[in-house]
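Colleague: can't give you the sequence, but here's the structure:
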C-alpha cells in the first residue's frame, strides 16, 4: 500500500480572504522563553546557555480560521438548527465516516459555476461505478491549480442542490472537493439569485446539510495523482476542536499496490 497526500498546506505566504498570521519562536528564543517562565512561575533561575547551542524548542503560533487549508465541515457549520435538533459539531462526528472507500469524479470540464446531476451521472457511467453507502466522493474540479491566489476563491465549480441530494440519496456522508467551496463561487450564486429571484441557488450544497446530516472536505489537492477513479480508501480524520463547525485534516488516499 502507498499513500497519496490529498491535502493543501496552511501557508501564510499564500493569498487568503482571511489572512493567516504565523509567528515563529526560534529554538534560541524558546530557550530564553523557558528560562523566563521558570523564573516567573516557579522562582527558579536557569541559564539557557548551558543547553546545546543555547537552544531548546521552537514554537509556532497561528491565527487562522478552522476553514483554512484542507478541512472538514461539520453539520453545525451549515446552521444552528435542523430537523433533528442541534446539528453536531466536528468533535461529535462518527470517526468511521472518515476512513472509507473513495471515488474521485473528474468534473474538470465544468468551468466556473454549478455541477448538476447530469454531470455526476455521466461521470459515474463513464467510470462504471455507483457509490456505496458511506463511500467518500471526491470532486476533481481542477481548482487546486489556483491555490494560494485570488482566483482560487472565484474560479471553480460547485454542486447544485439536486446534485448534492443525489449523492446523499446514495448514502454518501462525506463529499470532498479540490475547490475552495462545495458550492459555486459567491459571485456566481449571487448573480444567479439577482437574475432569477430563486433563493435555492444560494449555497445549496451547504444548506442541504441543514436537512440531511453530512460533512464536506474542502480545499483538497492532488486528486489528479489518484491512479484510478475508485479502489482506494480515504483517511480524513478532522482535528478534534470542541464545539467547532470544522476541523483541519491531513487527508490522504490509501492505495493498494
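Modeller: Great, that's in hand. Predicted model, so just to flag it, every value in this text is computed and none were measured. Numbering: from 1, shown residues only.
Colleague: drop to CA atoms for contacts and neighbour counts, all remaining ones
Modeller: Will do.
Colleague: what segments of the stretch 101-250 of the chain are helices?
Modeller: 117-127, 161-169, 186-196, 204-211 (DSSP state H, counting those that start in this stretch).
Colleague: can I get those helices in CSV including mean neighbour count?
Modeller: CSV is the format used below for the helices of the stretch 101-250 of the chain (neighbours: other Cα atoms under 10 Å):
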stretch, mean neighbour count
helix 117-127, 15
helix 161-169, 19
helix 186-196, 14
helix 204-211, 21
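Colleague: dump those helices into a markdown table; add distance to residue 148 as well.
Modeller: Output for the helices of the stretch 101-250 of the chain, formatted as a markdown table (distance: least, Cα to Cα, whole Å):
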| stretch | distance to residue 148 |
| --- | --- |
| helix 117-127 | 28 |
| helix 161-169 | 27 |
| helix 186-196 | 18 |
| helix 204-211 | 23 |
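Colleague: to residue 34, which of these lies closest?
Modeller: Closest approach to residue 34 among the helices of the stretch 101-250 of the chain (Cα to Cα): helix 204-211, 44.8 Å.
Colleague: elements contacting that closest one?
Modeller: If you count contacts as 3 or more Cα pairs under 8 Å, 6 or more residues apart in numbering; DSSP states H and E, helix 204-211 packs onto helix 161-169.
Colleague: could the helices of the stretch 101-250 of the chain be laid out in JSON lines, adding mean pLDDT and distance to residue 254?
Modeller: Shown next, in JSON lines, are the helices of the stretch 101-250 of the chain (pLDDT from 0 to 100; distance: least, Cα to Cα, whole Å):
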{"stretch": "helix 117-127", "mean pLDDT": "98", "distance to residue 254": "19"}
{"stretch": "helix 161-169", "mean pLDDT": "98", "distance to residue 254": "22"}
{"stretch": "helix 186-196", "mean pLDDT": "96", "distance to residue 254": "33"}
{"stretch": "helix 204-211", "mean pLDDT": "96", "distance to residue 254": "27"}
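Colleague: closest one to residue 217 among those?
Modeller: Of all the helices of the stretch 101-250 of the chain, helix 204-211 comes closest under Cα to Cα, at 11.6 Å.
Colleague: figure out how far that closest one is from the centre of its chain.
Modeller: 16 Å (Cα atoms, centre = their mean, to the nearest Å).
Colleague: then stretch 23-31?
Modeller: Chain-centre distance of stretch 23-31: 30 Å, with Cα atoms, centre = their mean.
Colleague: what does stretch 242-251 give?
Modeller: 8 Å.
Colleague: start to end distance for it?
Modeller: End-to-end distance of stretch 242-251 (Cα to Cα, to the nearest Å): 20 Å.
Colleague: could you give me the buried positions within it?
Modeller: 244, 245, 246, 247, 248, 249, 250, 251 (16 or more other Cα atoms under 10 Å).
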